[in-house]
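Peer 1: Could you look at this predicted model? Sequence included:
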Amino acid sequence: MPILKNALEQAEMLLDRPELEAMIARMGKQIDAVLEGERALFIPIMKGALIFASQLALSMRTDLEFDYVHATRYDGQTSGGQIHWLHAISAPLPGRTVLLVDDILDQGHTLKAVRDDCLHRGAARVLVASLCSKKHHRLVAGITADFNGFELSDRYVFGYGMDYHEKGRNLPAIYALKENKL
């Protein structure tokens, strides 16, 4: 607990729970309008998307089929490396619309790899919903969010599914370190 306590002491709250919940409800309606009653395959990217994905799914009227993928570059660290596939999507993808749900679009390596895998396995289209994205110029070419909740400054963020050294995922708000001290 000292690691999280220290991080919170060096952080500021960017978004509180009511702001996040209101945005997620709006995003759910936007996705419903795009899917127009189509039955999509809803795929959260674990672990970070868990909280956001649950609330997003409950805010949607569209009939969804659920699966998940666990692919990570961070593995508890604060900077990424190679992508590790811990659980692949098991649902059939050919001809399907897939909605990938992720906590944050930062550089996009993991999200692009998952999206490309879905397309390679025959998905007709892949839509991306992210809780937030960072403003910077390090985004991998060829990946964007079709639905994005908030654009954040280029600082280390945690809470609401995002972690600080595997801690703080269940914080009911999004925090950013005041200085990028990782």
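Peer 2: Yes, it's here. Numbering: from 1, shown residues only.

Peer 1: By residue count, what's the longest helix in this protein?
Peer 2: With secondary structure taken from DSSP state H, the chain has its longest helix at helix 17-35.

Peer 1: Relative to the whole chain's centre, how far out is it?
Peer 2: The chain centre lies 14 Å from the centre of helix 17-35; the measure is Cα atoms, centre = their mean, to the nearest Å.

Peer 1: Which residues does that helix contact?
Peer 2: Helix 17-35 has contacts (Cβ atoms under 8 Å, 6 or more residues apart in numbering) with 52, 55-56, 58-62, 97, 99, 127, 129, 131, 146-147, 149-150, 160, 172-174. Where you see a C-beta, it was placed from the backbone N, CA and C, and this is true even at glycine.

Peer 1: now with 7 Å?
Peer 2: The contact list for helix 17-35 (Cβ atoms under 7 Å, 6 or more residues apart in numbering) reads 52, 55-56, 59-62, 97, 99, 129, 147, 149-150, 160, 172-173.

Peer 1: Stretch 161-180 too?
Peer 2: With contact meaning Cβ under 7 Å, 6+ apart, stretch 161-180 is reached by 3-4, 7-8, 10-17, 47-52, 76, 78, 103-104, 131-132, 155-160.

Peer 1: how about that stretch: buried residues?
Peer 2: For stretch 161-180, the buried set under the neighbour-count rule, 16 or more other Cβ atoms under 10 Å, comprises 161-164, 167-169, 171, 173-177.

Peer 1: Also stretch 117-133?
Peer 2: Residues 117-118, 123, 126-133 are the ones in stretch 117-133 that count as buried (16+ other Cβ under 10 Å).

Peer 1: Tell me the one of the residues you listed nearest Ala40?
Peer 2: Distance to Ala40 across the buried residues of stretch 117-133 (Cβ to Cβ) is lowest for Leu127, with 7.6 Å.

Peer 1: so what's the closest one bridging to?
Peer 2: Beta-bridge partners for Leu127, by DSSP bridges, are Leu99.

Peer 1: wait, it sits on Leu99?
Peer 2: Yes. At 5.0 Å, Leu127 counts as touching Leu99 under the criterion of Cβ atoms under 7 Å.
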